[in-house]
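Chemist: Need coordinates for the below:
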Amino acid sequence: MTLERITIAIEDELLAGFEELLERRSLGNRSEAIRDLIRRRLVEDDVENDEGEAIASLTLLYDHEQRELAERLVEAGHAHRARVLSTLHVHLDHRLCLEVQVLQGEAAELRTYADHLIALRGVKHGKLVLSSTEI
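Modeler: Now for the predicted structure:
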């Protein structure tokens, strides 16, 4: 892999904020941080457009005492078993559960699947994080 040197112009305030971010997060040097930002934006662009194969994590916080919710979550996972690679289930207290599913498939299909689960009665919060396998 070859690296190409480029020059960019950036406002003083924006650069100062970027330098502060590098320091606060221990992100290393400017070049690596900018490469990371570009990679992240390319991945986001792929998955925002629901293009191609993707991997994802789906995090759900739900009330396990909600009637039939646990069964619906299990049924959805079985119906999409080719897409659900792994599931982590944690009991947070006597009512709340946290579930994290690792998914793989077409970005649009994963988004549809996640939207379905997040909309189920008893799901308090859900978030899908998609990433492209192309980068």
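
Chemist: contacting residues around Leu58?
Modeler: Going by Cβ atoms under 8 Å, 6 or more residues apart in numbering, Leu58 touches Val100, Gln101, Leu103, Leu110, Tyr113, Ala114, Leu117, Gly126, Lys127, Leu128, Val129. For the C-beta atoms, the positions are set from N, CA and C on the backbone; glycine is no exception.

Chemist: now swap in Tyr62 and tell me
Modeler: Tyr62 touches Leu69, Leu73, Leu96, Cys97, Glu99, Leu120, Gly122, Val123, Lys124, counting by Cβ under 8 Å, 6+ apart.

Chemist: Just checking, which helix or strand of the chain averages the lowest pLDDT?
Modeler: Least confident helix or strand, the chain: helix 30-48 with a mean of 80, by mean pLDDT, DSSP states H and E.

Chemist: Which residues does it contact?
Modeler: Residues contacting helix 30-48 (Cβ under 8 Å, 6+ apart): Phe18, Leu21, Leu22, Leu27, Gly52, Ala54, Ala107, Leu130, Ser131, Ser132, Glu134, Ile135.

Chemist: do that again at 7 Å, thanks
Modeler: The contact list for helix 30-48 (Cβ atoms under 7 Å, 6 or more residues apart in numbering) reads Leu22, Leu27, Gly52, Ala54, Ala107, Leu130, Ser131, Ser132, Glu134, Ile135.

Chemist: Now intersect those with the helices, please.
Modeler: Leu22, Ala107 (DSSP state H).

Chemist: Including distance to Thr7 and pLDDT, could the contacts of helix 30-48 go into CSV?
Modeler: Shown next, in CSV, are the contacts of helix 30-48 (distance: Cβ to Cβ, whole Å; pLDDT from 0 to 100):
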residue, distance to Thr7, pLDDT
Leu22, 19, 87
Leu27, 21, 78
Gly52, 33, 76
Ala54, 34, 88
Ala107, 35, 87
Leu130, 33, 89
Ser131, 30, 88
Ser132, 28, 80
Glu134, 28, 69
Ile135, 24, 57
